[in-house]
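# I'd like to go over a predicted model; first the sequence, then the structure.
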Amino acid sequence: MDVPLAHLDRPFDYLVPAELDAEAVPGVRVKVRFAGQLVDGWLLERADDSGHTGRLAYLEKVVSAEPVLAPEIARLARAVADRYAGSLADVLRLAVPPRHARVEKEGRGEPVEPTAAGERVVDPRGWRDYPAGPAYLRALTNGRAPRAVWSALPGEDWADRYADAVTATVAGGRGAVVVVADARDLDRLDAALTATLGTGRHVCLTAALGPARRYRAFLAARRGDVPVVIGTRAAMFAPVDRLGLVAIWDDGDDLHAEPRAPYPHAREVLLTRAQLGEAAALVGGYARTAEAQLLVETGWAREVVADRATVRARTPAIAPTGDDPQLARDPG
């Protein structure tokens with residue numbers, strides 16, 4: 001139920017009337033009677049019997065026959081709520097955008113067929129400055145789940161490198177979710193993915209789109225019409241079929257932290273998705289955060305870095321300037 005009270009943060013059993021049997025599938029929005037009031041809720045699963053020994057009430061209404069809550073997202077939302085000491089209802093409000101009835105009635109687009117491994121060859125030359133980079137792309141193409149913390153070189157076109165990783169994942173027949181901090185980064189990644197994957201292979205999901213466009217992008221991902229979702233933190237819960245890669249750029253940016261309860265961070269949500277779904281992960285940035293370093297030190301992820309000679313060659317020379325008193329205080 002969509003009731004954000006801690007003592008009600010658990011599933012409740014209801015009977016499904018015969019007239020709603022076909023529409024009442026896991027993942028749909030429903031209306032139920034609770035404490036004398038009609039409240040919103042989610043149908044999480046169907047069962048033949050219930051452990052409840054008392055009398056059960058009936059579902060009042062199936063709001064929409066569209067199963068917008070994917071089973072893996074429901075499991076992820078429960079894990080995030082437990083980790084951040086929040087309620088499932090609060091997390092689901094972040095995970096599933098508000099319903100837009102007109103968008104649901106629009107015709108469904110043609111679903112994208114899975115790409116066979118090797119059908120789209122990924123050029124690894126963009127990763128040649130990172131000794132482990134080409135191997136990481138091969139692992140994605142081969143359907144494995146490598147986890148990497150990437151330290152980008154100065155001047156690196158990070159959007160192209162992320163597009164390479166996403167393309168390698170799609171070439172292996174799987175989908176990807178990539179989260180960036182702001183609209184400027186999203187525009188760069190959007191252009192890079194369009195150049196590598198082509199049009200119609202991904203959607204952008206952000207709260208700034210407006211209700212209709214955001215819900216349309218969400219449904220395209222939920223229905224399997226596209227294999228890739230990119231966006232700001234609104235995309236961290238995006239449902240993607242056969243999820244093979246979760247990625248975040250510049251995970252130290254404050255914009256990745258959700259300002260609404262229970263305040264999840266996009267990095268932690270994506271890493272939880274990778275753990276639950278056995279998907280690959282990519283955490284990248286020009287500077288490495290303490291949290292990303294911990295992933296490397298604990299062995300959860302491997303670092304993808306350039307050697308020292310390449311870093312020195314790519315790093316611009318810096319000459320300090322100052323007046324005589326400043327140099328006298330700090331000769332270095």
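Nice, I can see it.
# And the strands in this protein?
29-34, 37-42, 61-62, 147-151, 175-179, 202-205, 228-231, 243-249, 280-285, 302-304 (DSSP state E).
# so the fifth one versus strand 280-285, what angle?
Between the direction of strand 175-179 and that of strand 280-285, the angle (axes from the mean of the first three to the mean of the last three C-alpha atoms, to 10 degrees) works out to 20 degrees.
# residues making contact with strand 175-179?
162, 165-166, 169-170, 189, 227-233, 235-236, 238, 240-249, 256, 266, 270, 273 (C-beta atoms under 8 Å, 6 or more residues apart in numbering). Every residue, glycine included, has its C-beta placed from N, CA and C.
# Contacts only, for the residue most central in space within the chain.
Note on the chain: the residue nearest the mean C-alpha position is residue 236, at 3.0 Å, using C-alpha atoms, centre = their mean. Neighbouring residues of residue 236 by C-beta under 8 Å, 6+ apart: 177, 179, 264, 266, 269-270, 273.
# hmm, which two among those residues are most spread apart?
177 and 264 (14.6 Å; C-beta to C-beta).
# which among the contacts of strand 175-179 end up buried?
162, 165-166, 169-170, 189, 227-233, 235-236, 238, 240-249, 256, 266, 270, 273 (16 or more other C-beta atoms under 10 Å).
# export the strands of the chain to JSON lines and tack on distance to residue 97 and mean pLDDT?
Converted to JSON lines, the strands of the chain look like this (distance: least, C-beta to C-beta, whole Å; pLDDT from 0 to 100):
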{"stretch": "strand 29-34", "distance to residue 97": "12", "mean pLDDT": "95"}
{"stretch": "strand 37-42", "distance to residue 97": "14", "mean pLDDT": "94"}
{"stretch": "strand 61-62", "distance to residue 97": "19", "mean pLDDT": "96"}
{"stretch": "strand 147-151", "distance to residue 97": "29", "mean pLDDT": "98"}
{"stretch": "strand 175-179", "distance to residue 97": "15", "mean pLDDT": "98"}
{"stretch": "strand 202-205", "distance to residue 97": "9", "mean pLDDT": "98"}
{"stretch": "strand 228-231", "distance to residue 97": "11", "mean pLDDT": "98"}
{"stretch": "strand 243-249", "distance to residue 97": "19", "mean pLDDT": "98"}
{"stretch": "strand 280-285", "distance to residue 97": "24", "mean pLDDT": "98"}
{"stretch": "strand 302-304", "distance to residue 97": "33", "mean pLDDT": "98"}
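# Contacts for stretch 243-251 next, please.
Here stretch 243-251 has contacts from 72, 140, 143, 145, 158, 162, 165-166, 169, 172-181, 185, 189, 256, 266-267, 270-271, 273-274, 277, 279-286, 289, 291-292, using C-beta under 8 Å, 6+ apart.
# Put the buried members of those into a PyMOL selection.
In PyMOL, this line selects whichever of the contacts of stretch 243-251 come out buried by 16+ other C-beta under 10 Å:
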select buried, resi 140+158+162+165+166+169+172+173+174+175+176+177+178+179+180+181+185+189+256+266+267+270+271+273+274+277+279+280+281+282+283+284+285+289+292
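# how does this protein divide up, domain by domain?
Following the TED database, one gets these domains for the chain: 6-105, 125-314.
# Give the closest residue to residue 188 in space, chain neighbours not counted.
Among residues not flanking residue 188 along the chain, residue 159 sits closest, at 4.2 Å (C-beta to C-beta, 6 or more residues apart in numbering).
# and the gap between that neighbour and residue 22?
45 Å (C-beta to C-beta, to the nearest Å).
# between those two, who's got more neighbours?
Comparing residue 159 with residue 22 by other C-beta atoms under 10 Å, the one with more neighbours is residue 159, at 21 against 9.
# one step back: want to throw the strands of the chain into JSON lines with distance to residue 322?
Below are those laid out as JSON lines (distance: least, C-beta to C-beta, whole Å):
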{"stretch": "strand 29-34", "distance to residue 322": "63"}
{"stretch": "strand 37-42", "distance to residue 322": "62"}
{"stretch": "strand 61-62", "distance to residue 322": "71"}
{"stretch": "strand 147-151", "distance to residue 322": "30"}
{"stretch": "strand 175-179", "distance to residue 322": "40"}
{"stretch": "strand 202-205", "distance to residue 322": "45"}
{"stretch": "strand 228-231", "distance to residue 322": "43"}
{"stretch": "strand 243-249", "distance to residue 322": "35"}
{"stretch": "strand 280-285", "distance to residue 322": "30"}
{"stretch": "strand 302-304", "distance to residue 322": "35"}
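# so which of these gets nearest residue 8?
Minimum separation from residue 8 across these (C-beta to C-beta) falls at strand 29-34, 8.4 Å.
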